[in-house]
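Asks: Sequence and predicted structure are below.
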Amino acid sequence: MSLEIHLSQHALAPRHAVLDRPMLPPFPDTTRSVLFGLGCFWGAEKTFWRQPDVYTTAVGYAGGNTRNPTYREVCGGNTGHAEVVLVVYEGGASVLQNLLDVFWESHDPTQGMRQGNDLGSQYRSTIYVNDDAAFDLAIASRDRYQLALNRASLGRITTEIAQDMGFYYAEDYHQQYLAKNPAGYCGLGGTGVAAR
């Protein structure tokens, strides 16, 4: 099953700049999708396009109440959307578990409406899935990581985990931004606590 992916209102390049695969559906029947929000989506996308079993990635907006938002609107804080990465992957629960581990290790999920110096609801930590099995896996993964954070005397996870959130593509200049701008900003940073 796939997430509800809204075709872009923005003109997008037809292929992923790094993986050279489509960024727009339909995707192969063998793939599944998940949305991860872990702060600024530029570095987050780079983290996931490097993972094995990832078919394609794209950045966009999810979790809010505005249809087809723009970057300016999302940054204004009134849309309710988070900056997220669409991760389309091939495989089942073991692949999703690996992606969840990468998610937890790549940012600080205890910071609420921020990530490092990036402040605002669009930078909150999120996992959006499309079925009960993936939801249960995400919850179990969160609970395991919380135990690891507890052992390190770190805070409570604030990550929002939900099902059936629609995805809206961000503007083309955000897609694979750090591949096109290697010296570009990336504020992504983890806690140093392993999830595996």
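Replies: Done, it's in. Residues are numbered from 1 along each chain as shown.
Asks: Can you show me the strands along the chain?
Replies: For the chain, strands defined by DSSP state E occupy the ranges 5-6, 31-38, 54-62, 82-90, 114-115, 118-119, 125-129, 160-163, 167-169.
Asks: Put together JSON lines for those, with distance to residue 47 and mean neighbour count on each row.
Replies: The way it works is simple: take the backbone N, C-alpha and C, and place the C-beta from them, glycine included. Listed next are these as JSON lines, based on distance: least, Cβ to Cβ, whole Å; neighbours: other Cβ atoms under 10 Å:
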{"stretch": "strand 5-6", "distance to residue 47": "20", "mean neighbour count": "18"}
{"stretch": "strand 31-38", "distance to residue 47": "8", "mean neighbour count": "24"}
{"stretch": "strand 54-62", "distance to residue 47": "9", "mean neighbour count": "25"}
{"stretch": "strand 82-90", "distance to residue 47": "8", "mean neighbour count": "26"}
{"stretch": "strand 114-115", "distance to residue 47": "13", "mean neighbour count": "21"}
{"stretch": "strand 118-119", "distance to residue 47": "15", "mean neighbour count": "14"}
{"stretch": "strand 125-129", "distance to residue 47": "14", "mean neighbour count": "26"}
{"stretch": "strand 160-163", "distance to residue 47": "19", "mean neighbour count": "14"}
{"stretch": "strand 167-169", "distance to residue 47": "18", "mean neighbour count": "24"}
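Asks: can you tell me which of these comes nearest to residue 103?
Replies: In terms of Cβ to Cβ, the element of those nearest to residue 103 is strand 31-38, at 5.1 Å.
Asks: Direction included, what does that closest one pair up with?
Replies: Sheet partners assigned to strand 31-38 using DSSP bridges are listed as strand 82-90 (antiparallel), strand 125-129 (antiparallel).
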